[in-house]
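Peer 1: missing the sequence, but the structure's below:
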């Protein structure tokens, strides 16, 4: 296949000076954190404890849940895990259980039952007038323990974004909770909704506390912190600030074409983290064109977020489960994220059109292209030669390979050649 004139590429590596908790240390760290909760005085022999498990791909999540289960068993409790996610997994019990299985969250590995249902119980109404729903099995438990990663949200900016409080609302509220709170967000701020719902849960539901998980820029576990219920709304905002500091980013303010190999729900609610792609409202990044090449198997055809791209492939298009994607979009009260962008036959066609639309045809060496695997793995990626001066001025960036070129095989698939 005839090649397009493209700039030469550099393979770069980012370095991050951040804390990391190795896999073998996780059990001890969780044990020490649990000691701070003084649960022996609050959990009685034989009492049930419902533990949340979400739909995001969190590092070592099956091990983390296994350790939490072990801690409760040591107290004589009877823990179980339940899928705490809105409309993910097609909004079905089977789909949500499958998501957990894909993450290694099984009864055999975690050592406790996993109870899945889409049924919810109405707990009460908030001061804003919105109903508060809770997973049926969790509502019947003697205690609830919340587990989630703290990280920036892909759409809104608030005091609390993705984390323990959001898990209490949308995760534990299942599809109905997600629908109600996203609808409420049309009229109230996310902070107003989150704190109002959590206030009801704090007074009406036996929440024992939670485990906040922070991942560093390498997507390793950077922090595990147990919080009692009253600490969650006070300390989560501070943990969110830390999550913002630790989050890996593409270190360039302007990009002509951002190529992303894969998207999926395990990376972000919108398949690609908008904090990385520059598609979050208020972002200082200027990404002129965004090309997403493929869907992961783990996302089960849910292409929520595809509408934030400018180009995609026919290969990806064929993998979309529109029923699941539209359900997710409806639940999130978004119509922009499920729209299909320009879907072309192959990489060759996309790159050809993207370079033409860049306005840099007279001097293609200035075409600014960034090529990443996904929005979580940002330690190493490819950039065009035009970024060399910015790289050399950044002490956290190193060029590890240069003189690379994008070529296309007979199917029009882009590859890197020395």
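Peer 2: Ah, there it is. Quick caveat: nothing in here was measured; it's all calculated off a predicted structure. Residues are numbered from 1 along each chain as shown.

Peer 1: alpha carbons only for contacts and neighbour counts from here, please
Peer 2: Noted.

Peer 1: what does the helix or strand harbouring residue 222 contact?
Peer 2: Counting by DSSP states H and E, the element that carries residue 222 is strand 221-227. The contact list for strand 221-227 (CA atoms under 8 Å, 6 or more residues apart in numbering) reads 18-22, 29-30, 33-34, 36-37, 59, 209-216.

Peer 1: Just the ones of those in strands?
Peer 2: Applying DSSP state E to the contacts of strand 221-227, the entries found in strands are 209, 210, 211, 212, 213, 214, 215.

Peer 1: residue boundaries of the strands in the stretch 251-400 of the chain?
Peer 2: Counting by DSSP state E, counting those that start in this stretch, the segments of the stretch 251-400 of the chain that form strands are 254-260, 286-292, 311-313, 342-344, 369-372, 380-384, 397-408.

Peer 1: out of those strands, which comes closest to residue 12?
Peer 2: Of all the strands of the stretch 251-400 of the chain, strand 397-408 sits nearest to residue 12, with 4.5 Å by CA to CA.

Peer 1: which residues make contact with the helix or strand that that closest one is followed by from outside it?
Peer 2: Where DSSP H and E defines the elements, the next helix or strand beyond strand 397-408 is strand 414-417. Residues from elsewhere that reach strand 414-417 (CA under 8 Å, 6+ apart): 347, 348, 404, 405, 406, 407, 408, 409.

Peer 1: Can you point out the buried residues in strand 414-417?
Peer 2: residue 414 (16 or more other CA atoms under 10 Å).

Peer 1: So what are the sheet partners of it and their directions?
Peer 2: strand 397-408 (antiparallel) (DSSP bridges).

Peer 1: Mean confidence (pLDDT) on the partner strand, please.
Peer 2: Averaging pLDDT along strand 397-408 yields 95.

Peer 1: what's the angle from it to strand 380-384?
Peer 2: Strand 397-408 runs at 70 degrees relative to strand 380-384, counting by axes from the mean of the first three to the mean of the last three CA atoms, to 10 degrees.

Peer 1: What helix or strand is residue 3 located in?
Peer 2: With DSSP H and E as the test, residue 3 turns up in no helix or strand.

Peer 1: these two touch, right, it and residue 407?
Peer 2: Yes - with contact defined as CA atoms under 8 Å, residue 3 and residue 407 form a contacting pair (6.2 Å).

Peer 1: So those two - more neighbours on which side?
Peer 2: Taking neighbours as other CA atoms under 10 Å, residue 3 and residue 407 compare with residue 407 leading, 19 against 13.

Peer 1: and the more buried one, what is it in contact with?
Peer 2: Contacts of residue 407 (CA under 8 Å, 6+ apart): 3, 414, 415, 416, 417.

Peer 1: now these as TSV including pLDDT?
Peer 2: As requested, these are exported to TSV (pLDDT from 0 to 100):
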residue	pLDDT
3	72
414	95
415	94
416	95
417	92
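
Peer 1: which of those lies closest to residue 245?
Peer 2: Proximity of these to residue 245, judged by CA to CA, is greatest for residue 416, which lies at 32.2 Å.

Peer 1: From residue 371, how far off is the closest one?
Peer 2: Using CA to CA, to the nearest Å, one gets 11 Å for the distance from residue 416 to residue 371.

Peer 1: cool, residue 318 as well?
Peer 2: To residue 371, residue 318 is 23 Å away according to CA to CA.

Peer 1: Kindly report the same for residue 153.
Peer 2: Noted for residue 153: a distance of 23 Å to residue 371, by CA to CA.

Peer 1: Could you check which of the two is surrounded by more residues?
Peer 2: Legend: neighbour count by other CA under 10 Å for residue 153 and residue 371, higher for residue 153 (21 against 18).

Peer 1: which residues sit in contact with that one?
Peer 2: 161, 162, 275.

Peer 1: Report the separation between the second one and residue 173.
Peer 2: Using CA to CA, one gets 15 Å for the distance from residue 162 to residue 173.

Peer 1: Those two: which has the busier surroundings?
Peer 2: residue 173 (29 against 19).

Peer 1: before we move on, back to that, looking at the strands of the stretch 251-400 of the chain, which is closest to residue 192?
Peer 2: Across the strands of the stretch 251-400 of the chain, the minimum distance to residue 192, taken as CA to CA, is reached by strand 286-292, at 30.4 Å.

Peer 1: Return the list of strands paired to the closest one, each annotated with direction.
Peer 2: strand 254-260 (parallel), strand 311-313 (parallel).

Peer 1: Not counting the shortest one itself, show me its contacts.
Peer 2: By CA under 8 Å, 6+ apart, the residues outside strand 311-313 that reach it are 289-294, 341-347, 350.

Peer 1: likewise the first one?
Peer 2: If you take CA under 8 Å, 6+ apart as the criterion, strand 254-260 is touched by 277, 285-293, 354, 358, 367-375.

Peer 1: Stretch 390-404 too?
Peer 2: By CA under 8 Å, 6+ apart, stretch 390-404 touches 8-16, 252, 416-418.

Peer 1: Please check these and keep the buried ones.
Peer 2: Neighbour-count burial (16+ other CA under 10 Å) applied to these gives 8, 9, 10, 11, 12, 13, 14.

Peer 1: can you redo those residues as CSV with pLDDT, distance to residue 396 and secondary structure?
Peer 2: Formatted as CSV, the buried ones among the contacts of stretch 390-404 follow (pLDDT from 0 to 100; distance: CA to CA, whole Å; DSSP: H, G, I helix; E, B strand; the rest coil):
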residue, pLDDT, distance to residue 396, secondary structure
8, 95, 22, coil
9, 97, 19, strand
10, 97, 15, strand
11, 98, 14, strand
12, 98, 10, strand
13, 96, 8, strand
14, 95, 6, strand
